[in-house]
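# I would like the atomic coordinates for the input below:
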Amino acid sequence: MYRKDRDIEVLVNPTHLSGEDVLPGFILDLNRIL
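Numbers count the residues shown, from 1 in each chain. Next up is the predicted model:
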């Protein structure tokens, strides 16, 4: 995961992703996709 002014983060088998500061309240459920 690339974020401005932060180290790169590698997610292994995440179940969801959040929008954090960019899209507050947004959560992408990856179980439905993967």
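# so where's the chain uncertain?
Low-confidence segments of the chain (pLDDT under 70): 34.
# which stretches of it form strands?
Under the criterion DSSP state E, the chain carries strands at the ranges 16-18, 27-29.
# Now tabulate the ones you listed in a markdown table and tack on mean neighbour count and distance to K4.
Every residue, glycine included, has its C-beta placed from N, CA and C. A markdown table is the format used below for the strands of the chain (neighbours: other Cβ atoms under 10 Å; distance: least, Cβ to Cβ, whole Å):
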| stretch | mean neighbour count | distance to K4 |
| --- | --- | --- |
| strand 16-18 | 12 | 16 |
| strand 27-29 | 11 | 20 |
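# Kindly reformat those as a markdown table containing distance to D7.
Output for those, formatted as a markdown table (distance: least, Cβ to Cβ, whole Å):
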| stretch | distance to D7 |
| --- | --- |
| strand 16-18 | 17 |
| strand 27-29 | 22 |
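# nearest to M1, of those?
Of all the strands of the chain, it is strand 16-18 that lies closest to M1, at 8.2 Å by Cβ to Cβ.
# what helices or strands is that closest one leaning on?
strand 27-29 (3 or more Cβ pairs under 8 Å, 6 or more residues apart in numbering; DSSP states H and E).
# Can you pull the phi/psi pair for the residue of the chain most remote from its centre?
Within the chain, D5 marks the point farthest from the mean C-alpha position, 16.2 Å out by Cα atoms, centre = their mean. Dihedral angles of D5 (phi, psi; degrees, to the nearest 10) stand at phi 60, psi 30.
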